[in-house]
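Chemist: requesting a structural model of the entry that follows:
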Amino acid sequence: MSVTTKPFLSLTLTPLQLPDTNLSAEGSTPWRQEKPSHHPEVVPHLRICPGEPSQLIAQIHNDSTQAWTFRLKVTASIPQAWCQPPTEALEVPGRASSTDSASTDSEQTSSAEAEITFRVPTDFFENHYALAPDSKPLKINYDGHIQVYARPSNAPESAEQLMATAPFKVLLRSHSRYLQYLPQVYREVDFIGRLLKLFEESFDPSVEMMKLMWAYLDPRTAPQQLLPFLAHWVGWPTELSTSHTSPVQVERQRQLIFNAMTLYRWRGTQQGLRHYLHLYTGLPETEQYIQIENTYRTGFELGKAKLNETTIIGGGKPYHFRVQLTAHPPQVSHQDLLDQEALIHTIIDQEKPAFCTYSLHIHSA
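Modeler: Got it, this is the predicted structure:
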C-alpha cells in the first residue's frame, strides 16, 4: 500500500531595504507561509525612497520531489508602473528524496528566488498632483500581496493554479541624512525625516559648494576668473588676461602661481631661474634645453695670471652669465621662444642678482 502526499509550495518574502521607523523591528523577520491558510502576524515592510530602486526577494520553497514551473503576480494598491515583477516563468526543482530520519527540513527542501523591483518617480513628493490645494492627502503607505501560480514542470499551462500567497507593505519615505544626527527616539517618527528633508534640500547646494572649496583655492583647479585673485594672495605679478589668453598660457600661469613660494625661495640662483624658465616656456628642466653658465674670468693678477688659461687681457665682464634656450618641438617650437623673448628677458632681469649681467641666446632644435 502506498501513501501519496500532495505537492506543496511555500513562500518567503525578504525586503532588501527596511524602514527607519519603529516598523523596522516588526518587518525585519522574513514572512514565510507555512500552510496555505495560515497568515502570520509579521508582515514585511519594504521602504522605498523616490528615485531609488528597492527590491523584495521572493523565495519559493518546494517540499516535494516534483519540479514546478511558477510565475509571480503582484496585486497591490500602488500604481502598476512602480512594480516590476519577473516577466518570464521560473522553475523550482524538486527536493532529493531521502529516507534518513536525521535529515533536516532545509535539506529536504529545494528553493528558487525571484526579485521584484519597485521604483517610485523622483518627484513623488514635489509633483503638481501632490501639491495641488484640492488634492487628497498624499498616500505614502501601501498594501500588497505576492501570489505564486504554479504547475508541474511536465504539465500544460492550463494546469496552473494558485499555490502560495504572502502579504507585504510598501512605505514611501524620503531619505534624509540629517536623521543620523538625532537621538533614536526621533528617528522612529517618519514625519521628522520628511520635515528635515525640506531643510536638507535647501542647504545641500551650499554644503556641496563648501566640500569643493579646496578646488577654488588651488590654482591648478580654480576657475580662470579666480587666477588673478589667487596670484594676488601670493604676491605673484601676472600679465594674465582672462579674455585674451590661450589654454596653454593659462595652464602655465596656473603652474607659476602654484609654484610661487618655491620660486621666491630660490630667487637669485641658477636653480630658481632654470625652474622659472621651465614653468613659463614649457621646456624640459635640463641642461640640454635650458643652459645657464658663467662666462666671466678674472682679470690680470700678478703672481696668479696665466694667459689663455686662467685670465685674459682685460678680463671681460665681471659677474656675467649666459642663458641659452633650445627649442623642443613639437611642445615648444623655435618661433614660440622668439615670440616670448621680451617676457623671457623680464623673467631673467627679475630673477638674477642685481649686480649680474647676462646674454640670451635662443636656438632651434
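
Chemist: any idea how far residue 361 is from the residue nearest to residue 50 when sequence neighbours are not counted?
Modeler: Spatial nearest neighbour of residue 50, chain neighbours left out: residue 124 (4.1 Å); criterion: CB to CB, 6 or more residues apart in numbering. Where C-beta positions appear, they are placed from N, C-alpha and C, glycine not excepted. Applying CB to CB, to the nearest Å, the value for residue 124 to residue 361 is 72 Å.

Chemist: same question, residue 237
Modeler: 25 Å.

Chemist: can you check residue 289 too?
Modeler: On the measure of CB to CB, residue 289 and residue 361 end up 13 Å apart.

Chemist: shared neighbours of the two, anything?
Modeler: Here residue 289 and residue 361 have residue 325 as joint contacts, going by CB atoms under 8 Å, 6 or more residues apart in numbering.

Chemist: looking at these two, which is more packed in?
Modeler: residue 289 (21 against 10; other CB atoms under 10 Å).

Chemist: what's the burial count for the closest residue to that one other than its chain neighbours?
Modeler: Leaving aside its sequence neighbours, residue 289 sits nearest to residue 283 (CB to CB, 6+ apart; 4.4 Å). When neighbours are counted by other CB under 10 Å, residue 283 registers 21.

Chemist: can you check residue 209 too?
Modeler: Around residue 209 there are 10 other residues, counting by other CB under 10 Å.

Chemist: cool, residue 206 as well?
Modeler: For residue 206, using other CB under 10 Å, the count is 9.

Chemist: which residues touch the helix or strand containing it?
Modeler: Of the helices and strands defined by DSSP states H and E, residue 206 is found in helix 190-211. Helix 190-211 is contacted by residues 19-21, 125, 171, 173-179, 182, 186-187 when judged by CB under 8 Å, 6+ apart.

Chemist: contacting residues around the closest residue to residue 235 other than its chain neighbours?
Modeler: Distances taken as CB to CB, 6+ apart place residue 260 nearest to residue 235, at 7.5 Å, with adjacent residues excluded. Residues in contact with residue 260 (CB under 8 Å, 6+ apart) are 231, 234, 235, 236.

Chemist: now for these, which pair is the farthest apart?
Modeler: Farthest pair in these (CB to CB) is 231 and 235. Separation: 8.2 Å.

Chemist: about what we covered before: state the distance from the residue nearest to residue 235 to residue 80.
Modeler: Taking CB to CB, one finds residue 260 at 63 Å from residue 80.

Chemist: what distance do you get for residue 343 to residue 288?
Modeler: Per CB to CB, residue 343 is found 22 Å from residue 288.

Chemist: residue 47: what secondary structure?
Modeler: strand (DSSP: H, G, I helix; E, B strand; the rest coil).

Chemist: next one: residue 136
Modeler: Residue 136 - assigned by three-state DSSP - is coil.

Chemist: got the contact list for it?
Modeler: No contacts exist for residue 136 under CB under 8 Å, 6+ apart.

Chemist: can you check the pLDDT for it?
Modeler: Looking at residue 136, its pLDDT stands at 72.

Chemist: residue 168 versus that one, what's the distance?
Modeler: From residue 136 to residue 168 the distance is 24 Å (CB to CB).

Chemist: residue 277 too?
Modeler: Using CB to CB, we find residue 277 at a distance of 72 Å from residue 168.

Chemist: one more: residue 78?
Modeler: Distance of residue 78 to residue 168, computed by CB to CB: 11 Å.

Chemist: the two: which is more packed in?
Modeler: More crowded of residue 78 and residue 168, by other CB under 10 Å: residue 168, with 22 against 17.

Chemist: where does the more buried one fall, helix, sheet strand or coil?
Modeler: Here residue 168 is recorded as strand under three-state DSSP.
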